[in-house]
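**Q** Task: produce atomic coordinates for the following.
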Amino acid sequence: MRTRLLLAFLFTHSILSAQTNLFTNSSFESNPIFSGWLSNNANGDLWGGPGDCTAPAGSNYIWSGDQNEVSGINNLSEQIYQQVSIPANATAAEIRFEASMNTSESTTSIIYDQFELNILSSGGSFLESLGYLSNVQADAGITNCQTWTTYVVPVPANYFGQTIRFSFDFETDGSASTIFRLDNIRCLVTSPTSCNYALSTNSYNLTGSQAGTFSNVASVTTTNNCSWLAQVTSGSSWLSTSSSGTGNGNISITVAENTTFNSRTGTINVEGQNLTITQPAFSCDYSLSQATYNCPDHTAANWINIALVNVENGCAWDATVVEGTNWMVCNSDGNGNGTISIDVTANNTNQDRTGSIVVEGETLLVVQPVDFKLTGVNEMNETSISIFPNPTNDYLTINAGLEFLNSNYQIADWTGRIVLNGFISETNHIVDLNSLSSGAYFITVKNADHSMSEKIIKL
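**A** So this is what the prediction gives:
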């Protein structure tokens, strides 16, 4: 005896597919009852109608045995079948039906009566048995109604693309009989569902060359709640995405820094739709440590490191004198961070002069003071103003005549950066130098008529 059973189990179908029932009159609600069903050996022991048990689908079902469904028939042999063509692009197929069985057999461990599901060729030749049910699964008591059970039997994929018959065969032996009831017999085929996809945009431009993760660069719209996957098809060395979804969704990306001086593009494909990502070239961001440099005095000199150029490595720069070319020369250039140095001639004019140096769009103003001797301004050794002690540890006294009261004073470091400034409020004005580091500084005192400058030393 064969012992392979038709087991009931659940199939989980992808939401990307749709099921179609290939059988007609699955629930036997047509008139006549067996419309759509054929048989090679029906002998009048297979019946259909409301029956004595409640149908699981509609009001009718079929049963094998006596017409009154109370005793069953010994030596019964019945068959019904339907012929179908399973699509070649099917992703799954199954036979699903409801069954109820009662038996008068005295044992539930030996098979005497059975119902079998077979696959036949379109010409009727036996191809394969998909399993069977027997008196072993039936409830004892021929006149009772066993609870209906749903059975699901997968169809082997090698029959996809073929025209075949699904045959339901009923057989009982010569002893106690079994009644087999069937209803809602379906041949369910799962085929791919048509999915359409669209992107909200086909291009996305990054605003900078920096690395980062960018969310919602484009949205995905799809039909039938279809699933989708975003895949990088070009630019994978710097562009990546892990976006996917079911139904509508959004695409996010991660990019590496673009360290080249050329922009670059990558492509992401979403179910046949392309999204182009553009990342701009590496951008050189230049800045200067200060906007103005004040020369310490009027003399001809080489002033080094008057300002710092701040920029990323790999970015070249050149410092160009655009104003003051008749008295100032600058030959500084570099790649990455660097410093600016200048050569100036003596300022023998009667006023301060200014020049400009441009470094990749950034401007440095250079101021060279007047020669005080040529303008008649007071020098440090004149009695109208004096500064002491020099050198000093902490405090500096500006001893000024009345003409210097309320005059501005400025103290600059060797780069020309103003570190202290104020106004002379009394003839012996005290300046606190404790905030300054040790080193050389230049003090300048100016008003509308007078100007002086001198070097001081902070110990």
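**Q** so who does the residue nearest to N294 when sequence neighbours are not counted touch?
**A** Leaving aside its chain neighbours, N294 sits nearest to G416 (3.8 Å; criterion: Cβ to Cβ, 6 or more residues apart in numbering). In short, each C-beta sits where N, CA and C put it, glycine included. Counting by Cβ atoms under 8 Å, 6 or more residues apart in numbering, G416 touches T292, Y293, N294, C295, P296, W303, I306, V367.
**Q** after the helix or strand of the chain with the lowest mean pLDDT, next one along is what?
**A** Here the helix or strand of the chain ranked lowest by mean pLDDT, DSSP states H and E is helix 372-375, holding a mean of 54. Sequence-wise, the next helix or strand downstream of helix 372-375 (DSSP states H and E) is strand 385-388.
**Q** Show me what that next one is packed against.
**A** Helices and strands touching strand 385-388, by 3 or more Cβ pairs under 8 Å, 6 or more residues apart in numbering; DSSP states H and E, are strand 395-400, strand 451-458.
**Q** burial measure for the nearest residue to C284 once chain neighbours are set aside, as a count.
**A** Spatial nearest neighbour of C284, chain neighbours left out: C315 (3.5 Å); criterion: Cβ to Cβ, 6+ apart. When neighbours are counted by other Cβ atoms under 10 Å, C315 registers 18.
**Q** Which of the helices and strands packed on strand 385-388 sits closest to D343?
**A** strand 451-458 (20.2 Å; Cβ to Cβ).
**Q** gap between stretch 337-351 and the chain center?
**A** Using Cα atoms, centre = their mean, to the nearest Å, the mean C-alpha position of stretch 337-351 is found 55 Å from that of the whole chain.
**Q** can you pull the buried residues of it?
**A** The neighbour-count check on stretch 337-351 (16 or more other Cβ atoms under 10 Å) flags G338, I340, S341, I342, V344, N347 as buried.
**Q** Now do that stretch: distance from first to last residue.
**A** Taking Cα to Cα, to the nearest Å, stretch 337-351 runs 34 Å from one end to the other.
**Q** pLDDT of that stretch, averaged?
**A** For stretch 337-351, mean pLDDT rounds to 92.
**Q** what comes into contact with that stretch?
**A** 295, 298-311, 313, 317, 319, 327-332, 353, 357, 359, 364, 366, 368-371, 374-375.
**Q** Let's see that with 7 Å instead.
**A** 295, 298-311, 319, 327-330, 332, 353, 357, 364, 366, 368-371, 374-375 (Cβ atoms under 7 Å, 6 or more residues apart in numbering).
**Q** follow-up on the earlier one: what's the closest of the helices and strands packed on strand 385-388 to Q83?
**A** Here strand 451-458 is closest among those (Cβ to Cβ), at 108.7 Å.
**Q** which other helices and strands contact the closest one?
**A** For strand 451-458, the packing partners by 3 or more Cβ pairs under 7 Å, 6 or more residues apart in numbering; DSSP states H and E come out as helix 372-375, strand 385-388, strand 439-446.
**Q** what about it, distance to the chain center?
**A** For strand 451-458, the separation from the chain centroid amounts to 63 Å (computed by Cα atoms, centre = their mean).
**Q** Next: stretch 82-100.
**A** That offset, for stretch 82-100, works out to 40 Å (Cα atoms, centre = their mean).
**Q** From T221, how far out is the spatially most central residue of the chain?
**A** The chain has S252 as the residue nearest its centroid, 2.6 Å off, counting by Cα atoms, centre = their mean. Plainly put, S252 is 16 Å away from T221 if you go by Cβ to Cβ, to the nearest Å.
**Q** repeat for W327
**A** On the measure of Cβ to Cβ, W327 and T221 end up 68 Å apart.
**Q** And S215, by the same measure?
**A** Applying Cβ to Cβ to S215 and T221 gives a distance of 17 Å.
**Q** all strands of the stretch 151-300 of the chain, in order?
**A** Using DSSP state E, counting those that start in this stretch, the strands of the stretch 151-300 of the chain run over 163-171, 178-192, 197-199, 203-205, 212-222, 227-234, 239-240, 244-246, 249-255, 264-270, 273-279, 287-288, 292-294.
**Q** So which of those strands is the most surrounded?
**A** Comparing the strands of the stretch 151-300 of the chain by mean neighbour count (mean count of other Cβ atoms under 10 Å), strand 178-192 ranks first with a mean of 23.
**Q** How far off centre is stretch 341-352?
**A** With Cα atoms, centre = their mean, you get 60 Å for stretch 341-352.
**Q** do stretch 388-404 as well
**A** Using Cα atoms, centre = their mean, the offset of stretch 388-404 from its chain centre is 67 Å.
**Q** Tabulate the CA atom coordinates of it in PDB.
**A** Below are the C-alpha coordinates for stretch 388-404, written out as PDB (Å, rounded to 0.1, in the frame of the first residue of the first chain):
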ATOM      1  CA  PHE A 388      59.600 104.500  29.400                       C
ATOM      2  CA  PRO A 389      60.800 102.100  30.700                       C
ATOM      3  CA  ASN A 390      62.000 100.400  27.500                       C
ATOM      4  CA  PRO A 391      62.500  97.500  27.900                       C
ATOM      5  CA  THR A 392      59.800  96.800  30.400                       C
ATOM      6  CA  ASN A 393      58.400  93.800  32.300                       C
ATOM      7  CA  ASP A 394      54.800  94.900  32.700                       C
ATOM      8  CA  TYR A 395      53.800  98.600  32.400                       C
ATOM      9  CA  LEU A 396      54.700 101.300  29.900                       C
ATOM     10  CA  THR A 397      54.400 105.000  30.600                       C
ATOM     11  CA  ILE A 398      53.600 107.400  27.800                       C
ATOM     12  CA  ASN A 399      54.800 110.900  28.900                       C
ATOM     13  CA  ALA A 400      53.100 113.200  26.500                       C
ATOM     14  CA  GLY A 401      52.900 116.900  25.900                       C
ATOM     15  CA  LEU A 402      49.500 118.600  25.700                       C
ATOM     16  CA  GLU A 403      49.500 118.300  21.900                       C
ATOM     17  CA  PHE A 404      49.300 114.500  22.300                       C
END
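**Q** State the number of residues packed around K455.
**A** 13.
**Q** Now it. Nearest residue, chain neighbours left out?
**A** F442 (5.6 Å).
**Q** How about C53?
**A** Nearest to C53 is C145, by Cβ to Cβ, 6+ apart, at 3.7 Å.
**Q** so that neighbour touches M101, yeah?
**A** No. With contact defined as Cβ atoms under 7 Å, C145 does not count as touching M101 (10.0 Å).
**Q** For I185, which of the helices and strands packed on strand 385-388 is the nearest?
**A** Nearest of the helices and strands packed on strand 385-388 (Cβ to Cβ): strand 451-458, 105.0 Å.
**Q** Compute the inter-axis angle for the closest one and strand 439-446.
**A** 160 degrees (axes from the mean of the first three to the mean of the last three Cα atoms, to 10 degrees).
**Q** For strand 451-458, buried residues please.
**A** Neighbour count says strand 451-458 has S451, M452, S453, E454, I456, K458 buried, by 16+ other Cβ under 10 Å.
**Q** isn't the fourth one right up against I387?
**A** Yes. Counting by Cβ under 7 Å, E454 sits close enough to I387 to count as a contact (6.3 Å).
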